[in-house]
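> Here is a sequence together with a model predicted from it:
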Amino acid sequence: MKDFPDNRIGILIGSLEVGGAQVMALRLMQMLIRKGTSVFLFSLDKTFDVQVPGDEDIRDQMLRNIICLSKKPVVRGVVSKSLSAVGIYVKLEHLIRKKRIDVVISFMERANILNLMLTAPKIRIISIRIHMHRLKQKTIAKQLLIKCFYPLLLNRAHLINFNSLESAQSFRSEFSVRKQRISIIQNFCNIEMLKKNHCRRQPGNMTRCSKTR
């Protein structure tokens, strides 16, 4: 975040269920708090199963600035999520203005689409964490939402982050995106494990940790 260190940051994600995107979002929040940046995390759903990282002081700061935008769990149908999207959008726009957030960084498709529709933030960054061939594994409704909204909204993204070069290439094969707007940041590798293990790049996408022999 060295390009805009004085801005107030908002992180947007579908839910805080256990998952790689959730870990990345919380680690980003933790890093920004340590740097003295004002940061809030907005969860579209109330599900909160993932462990919050950091020491007690950092965790307390993070928990104070985590806001659930809905009282509904993540496990529900696409239609239900779509119907609640309008209310969530209005609430999110209000909170972004109230908390004077300049930059919104979103993780995963539903949050990305909502982020791209926002008018309040100055900068919108989205994170794509799926190969396009895996899109076929999603429901027909989800596929239609992504294929309909991304072409209309991607030009509103100031930066599109991918967790691998391969996922960036697969995405560009489906959607028109300028190279200048693309960045690659690999998945988080636990710092504590680095004391005993070493990290190595796996073919496909993730940086994984394995024991040193």
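Thanks, I have the structure now. Numbering: from 1, shown residues only.
> Do a quick rundown of the helices in the protein.
Along the chain, the segments classed as helices by DSSP state H run 20-34, 56-64, 78-98, 109-117, 140-153, 165-172, 191-194.
> of the ones you listed, which approaches residue 6 most closely?
Residue 6 sits nearest to helix 20-34 of all the helices of the chain, at 12.1 Å, using Cβ to Cβ. Glycine gets a C-beta too; all of them are placed from N, C-alpha and C.
> who touches the closest one?
Contacts with helix 20-34, where a contact means Cβ atoms under 8 Å, 6 or more residues apart in numbering, come from 1, 9, 11, 13, 15-16, 39, 41, 50, 52-54, 58, 61-62, 65, 105, 107-108, 127, 129, 187-188, 206.
> any weak-confidence spans in this protein?
Scanning the chain for pLDDT under 70 picks out 1-5, 74-80, 187-213.
> Just want the most central residue of it.
Geometric centre of the chain, nearest residue: residue 107, 1.7 Å, by Cα atoms, centre = their mean.
> For residue 140, see how far away it is.
23 Å (Cβ to Cβ, to the nearest Å).
> for residue 170, same thing?
Plainly put, residue 170 is 20 Å away from residue 140 if you go by Cβ to Cβ.
> Looking only at neighbour counts, state which of those two leads.
residue 170 (18 against 9; other Cβ atoms under 10 Å).
> Leaving aside the residues adjacent along the chain, what's closest to that one?
residue 132 (4.2 Å; Cβ to Cβ, 6 or more residues apart in numbering).
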